[in-house]
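**Student:** could you look at this predicted model? Sequence included:
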Amino acid sequence: MEHINKRLVNWASILDPGTREQAEKTSRMPFIHPHVALMPDAHLGKGATVGSVIPTLGAIIPAAVGVDIGCGMIAVRTQFTREDLRSRPLAPLRQAIEKAVPLSAGKYNNSLTDTARERVEALTRSAEEAGFDPASYAGNWQLQLGTLGSGNHFIEVTVDETDQVWLFLHSGSRGVGNKIAQKHIAIARQQCERRWIDLPDPDLAYLVEGEEQFWRYIREMRWAQEFAWLNREEMMDRVVDRLSDWIGQDVRRLEVLNCHHNYTEQEKHFGKDVWLSRKGAINAERGRPGLIPGSMGTASYVVVGKGNPVSLNSSPHGAGREYSRSRARRTFSRADLRKAMEGIEYRDTDAFIDEIPAAYKDIDVVMRDAEDLVEVRHTLRQVVNVKGD
């Protein structure tokens, strides 16, 4: 842990100057209380740093939540072991998952499953209570439920240190959440411009608590968080069904974990009730279980929080990028990706070169940096990896 200044505390041993400078700008905003906590996986983001925890009094920065509101992880521990996976080829399982869950940006369902219909009904009621129509942002929002997206989102079949099989996936609020975020980031900019507020970065524009625009954002953001949560549940249902079909036996869900890592909640820290925005961080209060994914060819972790007060009860959400996508594509090849993915069933394509593990921080270093934030319960290694282009 490093105190960069009185209002910025850093856990990242791998931290480039640009990311440090961006986090310092956020820490100087006048409503920060008591400080910004920078997680071990910190890297440059839009306005606010990915891998930062930002507590605010009387204001909220929409870009500090991010454009993928509610992005996070879900994991299911099954009754199966590694030995159960060796009985037949894994490629048909991967292909079945790819067929069941629409992948990639702009790819959605053609119709609703029964479980998706129930979840859409719940989301429709939530939107009515929040006083808005999600169709004003995305007319096909219902068909987005149960879809993965692209980038670093993934679905995996993994095995822990005891050879127990876990299902693991990472996704958020899809296009509808992105449009909600973009709309309110723009509104925050307009509000600050109207008040002649000089910002260190236009994307640090904020909304003032008590005003209608603030509460509208809170209501719609919470809806997007719920969408992301249910989106992961819907996809996991489909993955469970595909594994059951492939293995010829019903999956028993021995343990289920679901957590956000792009979101805002009201929490009490250092004597004050704050709006705590975790942008690429999970809640790691004492005893709370959580999920920290690595990159597509490295380990992921099931953890339990230690409740470190200086970290604002938070921990990292993953490995964190070291290379931009364009730099990764210039630096690495498809052969490099194949080598990194040896022993893992995945779709062999150039599309994933920018997701190669070497484009990310070393997850082992990230987890060492997080030793006073979380305790590792399980280490998960990929057997099957599914991603969108």
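**Tutor:** All right, it came through fine.

**Student:** drop to CA atoms for contacts and neighbour counts, all remaining ones
**Tutor:** Fine.

**Student:** and M367, what element?
**Tutor:** helix 363-369 (DSSP states H and E).

**Student:** quick one: mean pLDDT over the following helix or strand past that helix.
**Tutor:** Downstream of helix 363-369, the first helix or strand assigned by DSSP H and E is strand 374-387. Per-residue pLDDT over strand 374-387 has a mean of 96.

**Student:** can you give the distance of strand 374-387 from its chain's centre?
**Tutor:** Its chain's C-alpha centre and that of strand 374-387 lie 15 Å apart, by C-alpha atoms, centre = their mean, to the nearest Å.

**Student:** likewise stretch 355-364?
**Tutor:** Mean C-alpha position of stretch 355-364 versus that of the full chain (C-alpha atoms, centre = their mean) differs by 16 Å.

**Student:** what of stretch 116-132?
**Tutor:** 22 Å.

**Student:** residues of that stretch that come out buried?
**Tutor:** Neighbour counts over stretch 116-132 (16 or more other C-alpha atoms under 10 Å) mark A116, R119, V120, L123, T124, S126, A127, A130, F132 as buried.

**Student:** strands paired with the helix or strand encompassing K268, and their directions?
**Tutor:** When elements are assigned from DSSP H and E, K268 belongs to strand 262-269. If you go by DSSP bridges, strand 262-269 pairs up with strand 272-279 (antiparallel).

**Student:** and the strand it pairs with, which residues are buried?
**Tutor:** By 16+ other C-alpha under 10 Å, the buried positions in strand 272-279 come out as V274, W275, L276, S277, R278, K279.

**Student:** tell me which of the residues you listed is nearest to E211?
**Tutor:** Nearest to E211 among the buried residues of strand 272-279: W275, at 15.1 Å, using C-alpha to C-alpha.

**Student:** leaving out sequence neighbours, find the closest residue to the closest one.
**Tutor:** The shortest distance from W275 to any non-neighbouring residue, by C-alpha to C-alpha, 6 or more residues apart in numbering, is to Q266 (4.7 Å).

**Student:** for that neighbour, what are its contacts?
**Tutor:** Neighbouring residues of Q266 by C-alpha atoms under 8 Å, 6 or more residues apart in numbering: D273, V274, W275, L276.

**Student:** out of the residues you listed, who's nearest V50?
**Tutor:** For the contacts of Q266, the nearest to V50 is L276 (14.2 Å; C-alpha to C-alpha).

**Student:** mind listing the helices in the stretch 151-300 of the chain by residue range?
**Tutor:** Secondary structure of the stretch 151-300 of the chain, counting by DSSP state H, counting those that start in this stretch: helices at 174-194, 212-247.

**Student:** redo these as TSV? Include mean neighbour count, mean pLDDT and distance to Y108.
**Tutor:** Formatted as TSV, the helices of the stretch 151-300 of the chain follow (neighbours: other C-alpha atoms under 10 Å; pLDDT from 0 to 100; distance: least, C-alpha to C-alpha, whole Å):
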stretch	mean neighbour count	mean pLDDT	distance to Y108
helix 174-194	20	96	10
helix 212-247	21	97	12
